[in-house]
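J.: A structural model of the following input is requested.
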Amino acid sequence: MRIEIKTLMWVLSFGLSWSLTGSVQGADVPCAACHAEAAQTLGSMPHGKAGVACASCHGDGAAHLAAPTAATIRTFSNEPAAEQDGACTGCHAKAHTTERNAHTAAGVTCASCHTIHAQKKSLPGDAVALPADIGHLTPGSSLCFECHQETFTQFAFNERHRLTEGAIACTSCHDPHNPRLGMELGGFKQSVCSDCHANVEGPFVFEHAASRVDGCGTCHEPHGSPNRHMLNIQQVGALCYSCHAEVPQFHAGFSPSAPPRFDESTVCTNCHVTIHGSNLDRFFLR
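T.: The predicted structure is shown next:
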């Protein structure tokens, strides 16, 4: 009875607002009677500003008004991840694909990253406790830190992308909603590196095949590395020999007893200066 009287008082109090807009700060009036905090914070969120009603996500609340328990309303708490995301993709299907990706395969739902009612930004990364040395992350990157702390250790190297200074964000390279996350980072026509490094992307008359098959990650560690130019292997020659085990005879030399002319300690790019590709020489000599 106390709940029914409380609901009635709220409905009467906001009757004029209900008749004009159907909502109070983005939340339906009957819902606000019991869920005042959620209704208040929703008003400053994108859904509230767009006038999205509670029933759009939680379903018809008639049964819940008659018997206000968790069993009579959609709360999402006990639903499988796919069903939770289904409520979001019903409106956001064009912006975010419903195909499975690495996040959905790991059981990450839309609500794992996006808040709906809380008085925060859409990406709640500003609430994450960050180490002092990476305190300049963008809010979205701060959110990624919650789950990908091992990857963030690579940004402690001197040779790295300037993520911790806020110069770029994780989403500068990664689309968290894309079902083909790995494919975006390498391979022909799929590299995102060229968005910033167009000078080494080409197209070239003579392509470096590795960049067109496995992408830039063949030679470079994209997050950070202790090696110069963020290379996967410290010695340039060792990196080149990891693919080019067979070399012309004059690289090895013609003496059966003398050491080879060029070995894993050789800086191959002293001669092969246009290693990413060339319009003049198929051996990348110029």
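
J.: tell me the SS of the residue nearest to the spatial centre of the chain?
T.: The chain has residue 176 as the residue nearest its centroid, 3.6 Å off, counting by CA atoms, centre = their mean. Following DSSP: H, G, I helix; E, B strand; the rest coil, we place residue 176 in the coil state.

J.: tell me which element residue 140 is part of?
T.: helix 139-145 (DSSP states H and E).

J.: Heading C-terminal from that helix, find the next helix or strand.
T.: Heading C-terminal from helix 139-145 (DSSP H and E), you reach helix 149-152.

J.: contacting residues for residue 282?
T.: residue 206 (CB atoms under 8 Å, 6 or more residues apart in numbering). For every residue, glycine as well, the C-beta is placed using N, CA and C.

J.: In terms of pLDDT, where does it sit?
T.: Predicted confidence (pLDDT) for residue 282: 93.

J.: I'd like to know how far it sits from residue 210.
T.: 15 Å (CB to CB, to the nearest Å).

J.: and the gap between residue 242 and residue 86?
T.: From residue 242 over to residue 86 (counting by CB to CB), the distance is 45 Å.

J.: One more: residue 64?
T.: 20 Å.

J.: how does the protein divide up, domain by domain?
T.: The chain breaks down by automatic domain parsing into domains covering 2-72, 114-172, 193-278.

J.: Which of the ones you listed has the lowest mean pLDDT?
T.: Among these, domain 2-72 scores lowest, with a mean of 69.

J.: follow-up on the earlier one: in the helix holding residue 140, what's buried?
T.: 139, 140, 141, 142, 143, 144, 145 (16 or more other CB atoms under 10 Å).

J.: got the CA coordinates for that helix in CSV?
T.: Extracted in CSV, the C-alpha atoms of helix 139-145 (Å, rounded to 0.1, in the frame of the first residue of the first chain):
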residue,chain,number,x,y,z
PRO,A,139,38.6,8.3,-20.9
GLY,A,140,38.1,5.6,-23.5
SER,A,141,41.7,4.3,-23.1
SER,A,142,41.3,4.4,-19.4
LEU,A,143,38.4,2.0,-19.8
CYS,A,144,40.5,-0.4,-21.8
PHE,A,145,43.1,-0.4,-19.1
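
J.: Could you check how far it is from the centre of its chain?
T.: From the chain centre to the centre of helix 139-145 is a distance of 9 Å (CA atoms, centre = their mean, to the nearest Å).

J.: tell me what it is packed against?
T.: Helix 139-145 sits against no helix or strand, with contacts defined as 3 or more CB pairs under 8 Å, 6 or more residues apart in numbering; DSSP states H and E.

J.: Go again with 10 Å.
T.: helix 110-113, helix 149-152 (3 or more CB pairs under 10 Å, 6 or more residues apart in numbering; DSSP states H and E).

J.: The last one: what's the following helix or strand?
T.: Taking DSSP H and E as the definition, the helix or strand that follows helix 149-152 towards the C-terminus is strand 159-160.

J.: returning to what we had before: now flag whichever of the buried residues of helix 139-145 is closest to residue 71.
T.: residue 143 (32.1 Å; CB to CB).

J.: Next, work out how far apart that closest one and residue 109 are.
T.: 14 Å.

J.: likewise residue 153?
T.: Taken as CB to CB, the span from residue 153 to residue 109 is 26 Å.

J.: More neighbours: which of those two?
T.: Under the neighbour definition other CB atoms under 10 Å, residue 153 and residue 109 were set side by side, and residue 109 has more, 19 against 11.

J.: Would you confirm that the more buried one contacts residue 79?
T.: Yes. Counting by CB atoms under 10 Å, residue 109 touches residue 79, with 9.0 Å between them.

J.: what touches both of those two?
T.: Residues touching both residue 109 and residue 79 (CB atoms under 10 Å, 6 or more residues apart in numbering) are 85, 87.

J.: And the helices in the stretch 101-250 of the chain, which stretches?
T.: Using DSSP state H, counting those that start in this stretch, the helices of the stretch 101-250 of the chain run over residues 102-105, 110-113, 139-145, 149-152, 209-213, 236-241, 249-252.

J.: any idea which of those is most buried?
T.: helix 139-145 (a mean of 21; mean count of other CB atoms under 10 Å).
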